[in-house]
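Asker: the sequence and its predicted three-dimensional model are supplied below.
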Amino acid sequence: MEEREVGIEEYTTATSGFTGILKHRYNDFQVSEVDLAGCTARLTSTDAPSLVDTAAAAPAALTTESIAEVTEAFAGIAGPDNAAQLQKLLHSILQQQSSTPPAADAQATDAASSGASQQQELEVDLLPVQDKETRKAIHQFLKTDPRLPSLQTDTVAGEAVAEDGQAVHNVIRIRPAAGRGAGQNTGRYKGQQGGKKGGKRAWRDEPSWEGGANKHLKFVMLKENMDTQAALTIISRMIHCHMKSFGFAGTKDKRGITTQFVTLWKTPAAKLAALNPRLRGIKLGNFEYASAHLQLGQLKGNQFKILMREVSTDDLQQIASAVAEVCEKGFINYFGLQRFGTGSVPTHRVGAALLRGKWKEAVQLIMQGGDGERQEFREARALFTEKGDIQGALKALPGFLIAERAILQALAKSGPNSYLSALQAIPRTLRSMYMHAWQSFVWNRAASERIRRHGADKVVAGDLVLLQDAAPAASRQVEAVAEPQQQQQEEIEGVEADEADAAEAASAASRLAAVHIVTEAEVAEGRFSIQDVVLPLPGGRVQYPQHNAGWKLYCQLAAADGVLLPGMTQEEFATAAEAAAGGTSEAKQPTAAAAIHNVRDFQLAGLSGDYRKLLHVPTDLGHTVVKYSHRDQDDLLPSDWSELQDSQQKQQKRPKRDAQQQEQQTASADAAGGAAAVDSVRDTVGAEGSRSEPIEQLHCGVVLEFMLPPSCYATMLIRELTKSSTSKASHRELTKSSASKTADHQPLADN
């Protein structure tokens, strides 16, 4: 698959690029997660903390400043009136924290049983919210925002009346979650005091836990050449815990060295620290206890450190100029090739078939597989695609092919023509991935057209911007795939792809509410810049730009694939299909009328849509040119683990070295002279060893360091720098060419 096939066509900068090889070795690609507070996941220690340290740990206290920040963010989701309700509750909690001195257990018990009047003060009911997506976003925000104390949200019967005069039956009630133990009537277990649920909670809140009020162990996981799910599966088997006990903000690349934060429910740090000697390709450390479970999407971004080998130029000025221009102008925020899969059929084509209601076509596309697949897997697929042997294919296909096996099992159960049932048997998050890939495809093509028609340096009237500082624009509204699966994880391989899937419902809701159409007057006064411009991913709740790269363009792109956008009439579809007949998609010939079906799981109207920044300008992009003697040299980019090992080895050698220095100081003058002679020889050997090749024969590489938000693709930044394709075919050609040049420079062996 080439970039042009998925709409990746334009550039923002004009400097000549330079080529280089990515991921020649897996440690050439290093990623460190950055959490919402801006802390970078670094592995600096593998020791378990002392119990004294852990006992002192406590959740961050509320402050007046944090209350102001969180209520402002909440207003973008639930409105100013509900934000005022939350602010009232938080100030009550803050007042209680300030007035209640640290007390013994008996005092805490008295406070917990002081009567219903005090409990009533520490709960508020929000005003009624009719929109389901907004209610979901409210619950998500209140449970996951790290600036909030632990809160519980319940849906309860309300007494309010809606604008139309009808009674509103349910409202959202917010209260502190601390102290939920046995014997308390809270949430849906109200009335079950002392029952089964109460007993379970009493066990979960038992006081012997070494983390105290912090029920989760938080640690840094470093992994090498392994995906996140596989690493956590290994750990879970070794300590005999369920995978659901882990929390993480997003999955990381398989081919690379990555560090990320992970939480684990009520597991002592020493238990995990003891695993390190037995783990291969995984290291755990920087343990602490935390009050909250990590959720998908809870990260600010990722810090990248990437080595490009065999760079095509050693002109330092050319490299520096390319980096400087990207820092100034940024790059087009395309969805990278990883987003569209590694198989022979791009995932967005499956998504288009689903949106058209072509169930049989979608099944056939999914069952085709990839060109690089193992021979036995291709033969297993052929049993179904060529011979119709469902049972034979089911026996031969491996378990990690989740979608394919789900389809075959459903066909075996419901009949060979039950294609819709087969598609609905695929896990929801996985089948949604196909439709979101189609949204991403349309966004890429729209972005290229916007750049072609209006340039990449200015905002124009009719562009869309976000008025408030909404959360970084993500790509889709769907939870990340939870089941470990090899092929599907390869299809969405990359830090960016999966974490974009994990975008919070709260973030999407705030962006949908904050969009604004730029006017001529605002352009004249320079109120917005090109960095503010967003483009919509098609859905039921988005607006479109009000210029020639807006609604009509999106209609043409959708009609080319036979898809009807929400709000699009059949007449508009016919006009758009005629305009697109020149070929703007893989579709050979657009249909005259859009296919309409009533299966909500596969309707575009069932997706709210989202907004995504047109450009991203990296503020911390830095580069270093390195020279190395061998194309496979492995020590050019040290990892946290290698640096930690070096530090530990130096500490172990220090006592011996100190003893040797002491002996030298007390030795005779002759012995001291001999020692100096040995040192002189060692220095000479080291200097000679560093000159293994003349400088002009050394290989040239570039180390890039930068941070990107979760929805940005590092490959698209590198594409802007190099002005070359990021496709696998192009990368293979570069590697092959480099190997050939290296072989040409090898000296001939003596006969």
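Answerer: That came through fine.
Asker: neighbours around the residue nearest to residue 597 when sequence neighbours are not counted, how many?
Answerer: Excluding its sequence neighbours, the residue lying closest to residue 597 (Cβ to Cβ, 6 or more residues apart in numbering) is residue 357, at 3.4 Å. Any C-beta I mention is one placed from the backbone N, CA and C, and that applies to glycine too. For residue 357, the count of nearby residues is 18 (other Cβ atoms under 10 Å).
Asker: gap between residue 357 and residue 148?
Answerer: In this structure, residue 357 and residue 148 are 43 Å apart, going by Cβ to Cβ, to the nearest Å.
Asker: swap in residue 87?
Answerer: Distance, residue 87 to residue 148, by Cβ to Cβ: 12 Å.
Asker: pull the distance from the host helix or strand of residue 263 to the chain's centre.
Answerer: Using DSSP states H and E, residue 263 falls within strand 257-265. Taking Cα atoms, centre = their mean, to the nearest Å, one finds strand 257-265 lying 13 Å from the centre of the chain it belongs to.
Asker: could you point out which element follows that strand?
Answerer: Proceeding N to C from strand 257-265, the next assigned helix or strand is helix 269-273, under DSSP H and E.
Asker: surely residue 321 touches residue 15?
Answerer: Yes: distance between residue 321 and residue 15: 5.2 Å, which falls inside the contact criterion (Cβ atoms under 8 Å).
Asker: and those two? Which one has more around it.
Answerer: Set residue 321 next to residue 15 and count neighbours by other Cβ under 10 Å: residue 15 wins out with 19 against 14.
Asker: list the contacts for that one?
Answerer: Under the criterion of Cβ atoms under 8 Å, 6 or more residues apart in numbering, the contact list for residue 15 reads 318, 321-322, 325.
Asker: do residue 219 as well
Answerer: Residues touching residue 219, when contacts are defined by Cβ under 8 Å, 6+ apart, comprise 261-264, 269, 272, 284-288.
Asker: likewise residue 174?
Answerer: Going by Cβ under 8 Å, 6+ apart, residue 174 touches 85-86, 89, 123-126, 142, 151-153.
Asker: local confidence estimate at residue 559?
Answerer: Per-residue pLDDT puts residue 559 at 92.
Asker: quick one: it from residue 623, how far?
Answerer: To residue 623, residue 559 is 43 Å away according to Cβ to Cβ.
Asker: more neighbours, those two?
Answerer: Neighbours were counted for residue 559 and for residue 623 using other Cβ under 10 Å; residue 559 has more, 29 against 18.
Asker: please enumerate the helices of the stretch 201-350 of the chain.
Answerer: For the stretch 201-350 of the chain, applying DSSP state H, counting those that start in this stretch gives helices covering 228-239, 269-273, 316-329, 347-356.
Asker: equivalent analysis for the stretch 51-200 of the chain, please.
Answerer: 51-56, 64-78, 80-99, 105-112, 116-121, 132-144, 196-204.
Asker: quick one: what helix or strand has residue 524 in it?
Answerer: When elements are assigned from DSSP H and E, residue 524 belongs to helix 520-525.
Asker: what's the following helix or strand after that helix?
Answerer: Remark: after helix 520-525, the chain's next helix or strand is strand 533-537, criterion DSSP H and E.
Asker: and that next one, which strands flank it?
Answerer: Counting by DSSP bridges, the strands paired with strand 533-537 are strand 464-466 (antiparallel), strand 610-613 (antiparallel).
Asker: now, of those strands, which is deepest in the fold?
Answerer: Neighbour counts averaged per stretch over the strands paired with strand 533-537 are highest for strand 610-613, at a mean of 25; criterion: mean count of other Cβ atoms under 10 Å.
Asker: what's the spacing between that one and its chain's center?
Answerer: Going by Cα atoms, centre = their mean, the spacing between the C-alpha centre of strand 610-613 and its chain's C-alpha centre is 15 Å.
Asker: which helix or strand in the protein has the lowest average pLDDT?
Answerer: The weakest-scoring helix or strand in the chain, judged by mean pLDDT, DSSP states H and E, is helix 669-690 (a mean of 36).
Asker: helix or strand right after it?
Answerer: Stepping forward along the backbone from helix 669-690, the first helix or strand reached (DSSP H and E) is strand 699-708.
Asker: so which elements touch that following strand?
Answerer: If contacts are counted by 3 or more Cβ pairs under 8 Å, 6 or more residues apart in numbering; DSSP states H and E, strand 699-708 sits against strand 301-308, strand 622-628, helix 714-722.
Asker: partner strands of that strand, with direction?
Answerer: Each strand that pairs with strand 699-708, with its direction, by DSSP bridges: strand 301-308 (antiparallel), strand 622-628 (antiparallel).
Asker: what about the protein, any weak spots by pLDDT?
Answerer: 51-61, 99-121, 158-169, 178-208, 342-343, 371, 469-509, 582-594, 653-697, 738-751 (pLDDT under 70).
Asker: coming back round to it: which of the contacts of residue 15 sits closest to residue 521?
Answerer: Comparing the contacts of residue 15 against residue 521 with Cβ to Cβ picks out residue 325 as the nearest, at 31.2 Å.
Asker: once you drop chain neighbours, what's closest to the closest one?
Answerer: residue 13 (4.4 Å).
Asker: so who does that neighbour touch?
Answerer: For residue 13, the contacting residues are 322, 325-326, 329, 331, 720, by Cβ under 8 Å, 6+ apart.
Asker: quick one: residue 32 and residue 43 touch, right?
Answerer: No: Residue 32 is not in contact with residue 43 according to Cβ under 8 Å; the separation is 9.1 Å.
Asker: who touches both of those two?
Answerer: For the pair residue 32 and residue 43, residues contacting each of them under the criterion Cβ under 8 Å, 6+ apart are 259, 640.
Asker: tell me who's in contact with residue 34.
Answerer: Counted by Cβ under 8 Å, 6+ apart, residue 34 has contacts 40-41, 299-303, 707.
Asker: circling back to that earlier point, which among the helices of the stretch 201-350 of the chain is found nearest to residue 390?
Answerer: The stretch from the helices of the stretch 201-350 of the chain with the least distance to residue 390 (Cβ to Cβ) is helix 347-356; that distance is 19.7 Å.
Asker: the closest one - contacts with which helices or strands?
Answerer: Counting contacts by 3+ Cβ pairs under 8 Å, 6+ apart, helix 347-356 packs against helix 359-368, helix 428-454.
Asker: what's the angle from it to helix 359-368?
Answerer: Compare the direction of helix 347-356 with that of helix 359-368 by axes from the mean of the first three to the mean of the last three Cα atoms, to 10 degrees and you get 160 degrees.
Asker: export helix 347-356 to PDB, keeping only CA atoms.
Answerer: Included here for helix 347-356 are C-alpha records, laid out as PDB according to Å, rounded to 0.1, in the frame of the first residue of the first chain:
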ATOM      1  CA  THR A 347      -9.000  -1.700   6.400                       C
ATOM      2  CA  HIS A 348     -10.800   1.400   5.100                       C
ATOM      3  CA  ARG A 349     -12.100  -0.700   2.100                       C
ATOM      4  CA  VAL A 350     -13.700  -3.100   4.600                       C
ATOM      5  CA  GLY A 351     -15.200  -0.100   6.400                       C
ATOM      6  CA  ALA A 352     -16.700   1.300   3.200                       C
ATOM      7  CA  ALA A 353     -18.300  -2.100   2.400                       C
ATOM      8  CA  LEU A 354     -19.800  -2.100   5.900                       C
ATOM      9  CA  LEU A 355     -21.200   1.400   5.600                       C
ATOM     10  CA  ARG A 356     -22.800   0.400   2.200                       C
END
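Asker: what's that helix in contact with?
Answerer: Under the contact criterion Cβ under 8 Å, 6+ apart, helix 347-356 has outside partners 6, 339-341, 361-362, 365-366, 423, 431, 433-441, 491, 561-563, 585-587, 594-595, 602-604.
Asker: now that helix and helix 428-454, what's the angle there?
Answerer: Orientation check (the same axes, to 10 degrees): helix 347-356 against helix 428-454 gives 100 degrees.
Asker: for residue 530, see how far away the residue nearest to residue 84 when sequence neighbours are not counted is.
Answerer: The spatial neighbour of residue 84 that comes closest, neighbours along the chain excluded (Cβ to Cβ, 6+ apart), is residue 71 at 7.6 Å. According to Cβ to Cβ, residue 71 stands 31 Å off from residue 530.
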